[in-house]
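In: model this:
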Amino acid sequence: MIPKYRQAFNRQYSNERYARYQQAVQDAFDYPPHFRLLETPVFLPKDLVQQLKSASISIIEQLKKSSFRSQTHHAIPDHQLVPNEDEHPLFLQFDFAITRSSNGQLRPQLIELQGFPALFFFQLAASDGFRSVYDFDGFTGYYGGFDRQAYIQALQENILGNHHPEQVILLEFDPWHQKTAIDFAGARQVLKIPVVDIRHLHRVGRQLFYRNQHHQSIPIRRIFNRVILDEIAHHPHQYWAFDLTQDVDVEWAGHPNWFLKYSKFALPFIEGDFVPKSMFLDQWHGDKALLSRSVLKPIFSFSGQGVTIQPTQKIIDKIQNKQQYILQEKIDYAPILPSPGQQLSQVEVRVMLIQNPHKTGEYLFMTNLVRAGKGGIIGTQYQQNDQWIGGGIALMES
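Out: Model prediction:
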């Protein structure tokens, strides 16, 4: 998006360099990505970086208001409520579509938000991988105030807390079959913590345990949670030793409740120049013009599952639980990322924040994640056979 750097990169690009980048990402944590890697970084101009930060700060201020807390009190069904929720989420993620304003300027528009960790470790591999293949002096994947070492330190302080890595686990369901498994391998390597399948935990009273590689039973003090409640809801878990809703003596590095509270459920309550209008489907009263300008999204889903780009009255009539869906103003992504052949891709930028470990409720801008596509729903699982699409990182002028 900075033309001179884009042109310089595209002149250097080759399939051989892309293969070297792919190998560098795999070698970083000795684990292959399970999603398509975007061939290129996105070069973010300073004014767009500032807009992304301003939009994020505005949203955070709204999330902190007592009125927002009362409005989202019922986001979590009783059967999914996890005890011992903390006052603020440890992680925040804001997904912005990059659009163009009426005067042609690039402009972010909020697509989704999460109170959940996402690919903080993959971003290390992506940033290092590009630097190993291309010359990127003057650019960084980290926001101001962070370099690689400070970034890792912030992750260590927030995820490990005051505990020995052996007693902190990354918890997921069937972790090594998830698309995000490379991130788990990164956490294992960088933090020296074990990656544990939730089905393999055992419990004695309020104490949780896992078994290490020597089959020793290790008490768990803190959980870096990557379990998505929506996913395990589809698997019978009455025979598991631990259910997330049980009251156990652990600390949460990312409490599970925030995944549901800071989700599409929150979108109708957030306002601002960078926020498309949203409403719950059960509040829609048949306005056909509004419907034609909207996208239909199930509240509790992830990775674009269940999204309807062109909703119709017939589709809506079939939905029984309309309070579990939102209509969101349709966003026109700007085709802005030219491949060497000059075909343009559309871009989403995820702003990734973590709580300041020294000040509760204050957030640090850490890094970003980029997803690029060519129409419809943007995500790493779509358009798999195309080029200049997939997941990666944006570089900012340092």
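In: when you work out contacts or count neighbours from here on, use the C-alpha atoms and nothing else.
Out: OK.
In: roughly how far apart are Leu52 and Asp95?
Out: According to C-alpha to C-alpha, to the nearest Å, Leu52 and Asp95 sit 10 Å apart.
In: so what sits against both of the two?
Out: Val351 (C-alpha atoms under 8 Å, 6 or more residues apart in numbering).
In: count the neighbours of Gly138 for me.
Out: The local packing of Gly138 (other C-alpha atoms under 10 Å) involves 9 other residues.
In: pretty sure it contacts Ser398?
Out: Yes: the pair formed by Gly138 and Ser398 meets the contact definition of C-alpha atoms under 8 Å, at 5.4 Å.
In: show me the helices in this protein, by range?
Out: Taking DSSP state H, the helices of the chain run over residues 3-12, 15-29, 46-64, 66-71, 122-133, 148-160, 181-191, 229-232, 257-261, 288-292, 313-317.
In: list the buried ones in the first one?
Out: Read that as helix 3-12. For helix 3-12, burial by neighbour count (16 or more other C-alpha atoms under 10 Å) applies to Arg6, Phe9.
In: need the contact partners of it.
Out: Phe43, Ser339, Pro340.
In: nearest spatial neighbour of Tyr151, chain-adjacent residues omitted?
Out: Met366 (6.9 Å; C-alpha to C-alpha, 6 or more residues apart in numbering).
In: Provide a list of residues in contact with the one you found.
Out: By C-alpha under 8 Å, 6+ apart, the neighbours of Met366 are Tyr142, Tyr143, Phe146, Tyr151, Val351, Met352, Leu353, Ile354.
In: just Leu395 next, same as before
Out: Leu395 touches Pro41, Val42, Phe43, Leu44, Phe139, Thr140, Gly141, Tyr142, counting by C-alpha under 8 Å, 6+ apart.
In: among these, name the ones in strands.
Out: When DSSP state E is applied, those are split such that Val42, Phe43, Leu44, Phe139, Thr140 fall in strands.
In: from those, which is closest to Ile309?
Out: For the ones in strands among the contacts of Leu395, the residue nearest Ile309 by C-alpha to C-alpha is Val42; the value is 25.5 Å.
In: number of residues surrounding the residue nearest to that closest one when sequence neighbours are not counted?
Out: Of all residues not flanking Val42 in the chain, Ala394 sits nearest, at 4.4 Å (C-alpha to C-alpha, 6+ apart). Using other C-alpha under 10 Å, the number of residues around Ala394 comes to 24.
In: wait, doesn't Ala394 sit right on Arg371?
Out: No: between Ala394 and Arg371 there is no contact under C-alpha under 8 Å: 9.5 Å.
In: residues contacting Leu52?
Out: Leu52 sits next to Phe96, Pro108, Val351 when contact means C-alpha under 8 Å, 6+ apart.
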